[in-house]
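1. Just to be clear, the model below is a prediction. Sequence and coordinates:
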Amino acid sequence: MGMMETYFITEKDFPQFLSNMVEKETVYGPVAKKTKFAFSRLKQPEYLRLDYDVTMLPPKKMFFPPVQKLIDFDGSKYHGCIDPERMVLFGVHFYDIKALDMTDFLFADNKKDMNYLANREAATIVGSSVQNISERAFWGSIGRDIKPKGHDAFLTKTGNRNGESGYILEVRTEKGEALLKYGNFVPGSESDIAEAERINEGLLDKCPEKLKYGSNEIAENVRASFSNEALWSELATDCFSCGTCNTVCPTCYCFDVHDLWNLDQHTGSRTRYWDACLTTEFARVSLGAGDTENFRDSRGERFRHRIMRKGAYLNEKLGGPACVGCGRCSAACTADIADPVRVIDKIMETYSELKPVEPLKEKYENIFLPREAKIIRTVQATATEKHFTLQLADGSRMDFEPGQFLEVSLFGYGEIPIGYASSPTRKNTFDIVVRTVGRVSTAINKLNKGDSLFIRGPLGNGFHLDNFQGHNVLIIAGGIGICPTRSLIQYIIDQRGEFKDFTLFYGMRDPSQRMFKEDIEKWKSMADVNYFETVDVGDESWEGNVGVITTLFEKTTIPPDTRVVICGPPVMFKFVIRELGKINIPHEHIYVDLERRMKCGVGKCGHCQINDKYVCLDGPVFSYTNIEGLEEAL
């Protein structure tokens, strides 16, 4: 339909409309659950409660369910699970439609996640006017200039149309128009349009809670408050880190992915679950040897991240805050500290001076489906690291850029991000190195030549080679950081004429952690490679340098116009960057390879978000100037 059409149905005829629709369509709508409301399957039209105030969970659950299978597997055979259900989602309030507009955009951004989008495409959404307002709602004062647009029709209850009560139906799409056949609708008029607008606009000033500031002003001050640790600690004092506020939020879309075996221990599924950035484990990563690092270890840091995501990080992308004012988080919080209005008021007070057809599932690509890769060689690099050479099972070539990464998986155990450890110039194979840390890596490192792994990639932003070609290059690799940088090292050696002087610093904890021993001997013997290595702690066999990696700067001279790559444990970065400053390396010539918990690899799950950047999309390779001063980056 080219233009919106308006219709009217009387209150007397409305039950028959519902009855006809429920008989012919799969319909979900708000129903009572004791004193609360939830979107549920409507089997009897009289159960529909359009007088609800707010549902316990938002309607996103219909398209992005709390538990959603991505892949079914049977041994090494697997297939995607995109199988959308045609449905009518009836009675959605406008603020929840706005939230769906946001998740529609976020799941379509970059790589389209058809596990969500196929469900949305199969649904007909009918909005409805708010008849009762929840006690914690503030939807009338947030993102007010952003109008809902993802619905197919909108129903407004009116009590006075020529003396007759009923509903004004504004139809926006052909899917919405298709529902007219179920009811005794009559064409509407300009006065009906005006009446619907009057009713819905009039509700905006009736919310019990109100934000007193504009979205841009809030975003500016929320960002300004980032480093105020005392403020965030105070705001999060009573937080249980339970994640309930995330769970009930209509715009939260973070998830985790796990593999689950069936009882036969041969078949199973790769399944995603709603996740919550307020929980303690959300930003925790394994470092090996039983060590972990949590990039948001305190309650204050986690609480801050939630408010930053809602009030600042996504504003530019979404055109406004990632909050629609439904009030669910406020009502659900046991400690009663999650209310965005109270939090924002506190921030603003503190910073007031700042400103029936072919099955639908066959139409869609599943971005979580991996490709099979055969193991053609393994080397036990250290006691905990295993080096794999892989080849795609279908014989095709893997095209990638040094610095990019893969999601590597084994069905039944899960999926982990691993950087390429070889150059794209090396035949039709590619290398990875896996450190034995947890369940997935332990299972992978038991595999041998001839076994299969499953991979998604290439993913992420690598080393853009034109930034290095024609220049001196220094690579500084600490610990397992030698693995992803080996891809660039090999490329430089294979295309040696494209680069000027090449220097490599490699530091490790002790000699037992030394990897790529054959490569190292070759690098040492090459006249056009300046190779230096060190260990933090030596042993009786070690004859080389002992000391942290920055001691290698004393061994050679690095010209100021050198392009520098840093990859290693997080603690290493600031000391290396300090040394580079001493020899006048400009920040724009420094590139860093960051580690975060890149769970989905496609910028959807939220685990690797730093401020407004996603490590799996914008990185893992960053120009230092792009993250310098960015909170939580280094």
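-> Happy to help now that I have it. Residues are numbered from 1 along each chain as shown.
2. I'd guessed G75 sits against Q265; true?
-> No - in this structure, G75 is not within contact of Q265 by Cβ atoms under 8 Å, at 10.7 Å. Using the backbone N, CA and C atoms, a C-beta is placed for each residue, glycine as well.
3. Hmm, N366 and V602 touching each other?
-> No - taking contacts as Cβ under 8 Å, V602 lies outside contact range of N366: 11.4 Å.
4. hmm, back to that, and G75 and Q265? Which one has more around it.
-> G75 (11 against 8; other Cβ atoms under 10 Å).
5. Just want the phi and psi numbers for that one.
-> Here is the backbone geometry of G75 (degrees, to the nearest 10): phi 60, psi -120.
6. Once you drop chain neighbours, what's closest to it?
-> H266 (6.0 Å; Cβ to Cβ, 6 or more residues apart in numbering).
7. just P45 next, same as before
-> The nearest residue in space to P45 (Cβ to Cβ, 6+ apart) is L18, at 3.6 Å.
8. element containing the one you found?
-> Per DSSP states H and E: L18 is located in helix 14-24.
9. With just CA atoms, put that helix into CSV.
-> Only the C-alpha atoms of helix 14-24 are listed here, as CSV (Å, rounded to 0.1, in the frame of the first residue of the first chain):
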residue,chain,number,x,y,z
PHE,A,14,-14.9,-6.2,17.7
PRO,A,15,-15.3,-9.6,19.5
GLN,A,16,-16.4,-11.2,16.3
PHE,A,17,-13.4,-9.8,14.5
LEU,A,18,-11.1,-11.3,17.1
SER,A,19,-12.9,-14.6,17.0
ASN,A,20,-12.6,-14.8,13.2
MET,A,21,-8.9,-13.9,13.3
VAL,A,22,-8.1,-16.3,16.0
GLU,A,23,-9.8,-19.1,14.1
LYS,A,24,-7.8,-18.5,11.0
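10. Contact partners for the residue nearest to P45?
-> By Cβ atoms under 8 Å, 6 or more residues apart in numbering, the contact set of L18 is L42, P45, L48.
11. returning to what we had before: is it true that the residue nearest to G75 touches D74?
-> Yes - counting by Cβ under 8 Å, H266 touches D74, with 6.6 Å between them.
12. just the helices in the stretch 201-350 of the chain please.
-> Under the criterion DSSP state H, counting those that start in this stretch, the stretch 201-350 of the chain carries helices at the ranges 215-224, 229-235, 244-248, 299-308, 315-318, 328-332, 340-350.
13. Turn the ones you listed into JSON lines, columns for mean pLDDT, distance to T280 and mean neighbour count.
-> Formatted as JSON lines, these follow (pLDDT from 0 to 100; distance: least, Cβ to Cβ, whole Å; neighbours: other Cβ atoms under 10 Å):
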{"stretch": "helix 215-224", "mean pLDDT": "91", "distance to T280": "23", "mean neighbour count": "19"}
{"stretch": "helix 229-235", "mean pLDDT": "94", "distance to T280": "16", "mean neighbour count": "16"}
{"stretch": "helix 244-248", "mean pLDDT": "96", "distance to T280": "13", "mean neighbour count": "21"}
{"stretch": "helix 299-308", "mean pLDDT": "95", "distance to T280": "8", "mean neighbour count": "23"}
{"stretch": "helix 315-318", "mean pLDDT": "90", "distance to T280": "27", "mean neighbour count": "16"}
{"stretch": "helix 328-332", "mean pLDDT": "96", "distance to T280": "19", "mean neighbour count": "22"}
{"stretch": "helix 340-350", "mean pLDDT": "92", "distance to T280": "20", "mean neighbour count": "18"}
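14. Where in the protein is the helix or strand with the lowest mean pLDDT?
-> strand 284-288 (a mean of 83; mean pLDDT, DSSP states H and E).
15. Thanks a lot, see you next time.
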